[in-house]
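K.L.:
need coordinates for the below:
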Amino acid sequence: MKPTDHATDNADQRGPESSSQTMASKLGERPVMESARTHGGLLLWAESVGEGFRIAAAEPDDGTSGAARSLDGARSVAQGWRVTRAEPTPANLAALRELLPNLRPVPLGLATSGGFGDRLGLATPGHVDAMRASGVAGSIAPIFAQQSMRENARTGRTPLAVVDDATVGAFVAGWERPVGADADHLKVEADIDLCLDAGYTFFTIDPGDHVNAAADQLSGNALEEAFVGGLPWEELDSSPADVRSSSGS
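P.N.:
Below is the predicted model:
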C-alpha cells in the first residue's frame, strides 16, 4: 500500500506541497511525497523500490551536520546536498527512530488510544489514511505495532519485526505524532523480555491459563475451594487475603 495522494499539514495535515516535499522531489528517486519531513536540520523521505521502500536522508554538503551517518547506505552529493540512501534493515530502522523520535514507541498514559493489530506488517499506511479520513488523527493515539506472540508464531514474525514494519509504514505515510506499541496476550516472562528489548511500551498480560472456566457455575464452599486452592499463590506473590483486602471484600 503506497500513499501518494494525501495533502498533510503540521503533524498530519500539510499544505499542497511543503518545502520538504519540494526538496524531496528534486533530490529523490521515486520519492513518496507525503513521507518527506525535516527534523533536526535533516531532510528525510521514503523512496519506492520495487514492492518496498528505502530510507533517504539529505543534509547540506557544508560539513555542519552528519546526522545521516547513523544510516548505513549509499552516499552521494547532489545540488549541494549529501544524500544517503539506506535499506530498511533493523539497524537502519532503529537509526530512523532516533532521527525521527515520534516513530519510536512511547508510553501513551491515559490518552485515548487505538490498537490496529496489523497481522502482515503491510497495513500501517492504510491505518494512517483511515485516521486522517475520519478526523481522529489528533485525538486518538495510534498503536500501529500490536501483535501477540501466538500471532507472531503463526505468521513467522518477531516482536522486533512488528515494530520495524510499523515504523516503515508510519514513515512512508508521513505520520508525525506519537505512537505506542502493544505486546499482546503475554503469558510467560521470556516473551515480556523479548518485547521490552524490541521497544514495546504497552503490555497486555493474558491470565487465561489460570482462569477456571467453571467458576460461573460454582457457589458456596465449592467456589471458596476453587479460589483458595486453585491458584499458584506463591508464584503470584500474593494470597487470597491480599485479593480480598485490595478488592474491599
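K.L.:
going forward, measure contacts between C-alpha atoms and count neighbours the same way
P.N.:
OK.
K.L.:
how about residue 48, nearest residue that isn't a chain neighbour?
P.N.:
Leaving out its chain neighbours, the residue that sits closest to residue 48 by Cα to Cα, 6 or more residues apart in numbering is residue 30, at 5.6 Å.
K.L.:
pull the contacting residues for residue 168.
P.N.:
88, 93 (Cα atoms under 8 Å, 6 or more residues apart in numbering).
K.L.:
10 Å - rerun?
P.N.:
When contacts are counted by Cα atoms under 10 Å, 6 or more residues apart in numbering, residue 168 touches 46, 52-55, 88, 93, 96-97, 103, 121-122, 124-125, 174.
K.L.:
and if you look at residue 95?
P.N.:
67, 68, 69, 70, 71, 72, 89, 101.
K.L.:
report the buried members of those.
P.N.:
Neighbour counting with 16 or more other Cα atoms under 10 Å marks 67, 68, 71, 72, 101 as buried within these.
K.L.:
go ahead and measure how far the helix or strand of the chain with the lowest mean pLDDT is from the middle of the chain.
P.N.:
Ranked by mean pLDDT, DSSP states H and E, the helix or strand of the chain with the weakest confidence is helix 233-236, at a mean of 90. Remark: helix 233-236 is offset 33 Å from the chain centroid, using Cα atoms, centre = their mean, to the nearest Å.
K.L.:
nearest residue to residue 70 in space, ignoring adjacent ones along the chain?
P.N.:
In this structure, residue 70 finds its nearest non-sequential neighbour in residue 95, 6.0 Å apart by Cα to Cα, 6+ apart.
K.L.:
on that earlier part again, could you redo the buried ones among the contacts of residue 95 as JSON lines and give each row secondary structure, distance to residue 194 and pLDDT?
P.N.:
Converted to JSON lines, those look like this (DSSP: H, G, I helix; E, B strand; the rest coil; distance: Cα to Cα, whole Å; pLDDT from 0 to 100):
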{"residue": "67", "secondary structure": "helix", "distance to residue 194": "29", "pLDDT": "91"}
{"residue": "68", "secondary structure": "helix", "distance to residue 194": "28", "pLDDT": "95"}
{"residue": "71", "secondary structure": "coil", "distance to residue 194": "24", "pLDDT": "98"}
{"residue": "72", "secondary structure": "coil", "distance to residue 194": "25", "pLDDT": "98"}
{"residue": "101", "secondary structure": "helix", "distance to residue 194": "21", "pLDDT": "98"}
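K.L.:
list the contacts of residue 62.
P.N.:
Here residue 62 is in contact with 80, 81, 82 (Cα under 10 Å, 6+ apart).
K.L.:
burial measure for the last one, as a count.
P.N.:
Each residue near residue 82 was counted by other Cα atoms under 10 Å, and the total is 19.
K.L.:
swap in the first one?
P.N.:
Residue 80 is flanked by 11 other residues according to other Cα under 10 Å.
K.L.:
touching, it and residue 60? I think so.
P.N.:
Yes - using Cα atoms under 10 Å, residue 80 makes contact with residue 60 at a distance of 6.2 Å.
K.L.:
between the contacts of residue 95, which sits nearest residue 142?
P.N.:
Closest to residue 142 out of the contacts of residue 95 is residue 101 (14.9 Å), distances taken as Cα to Cα.
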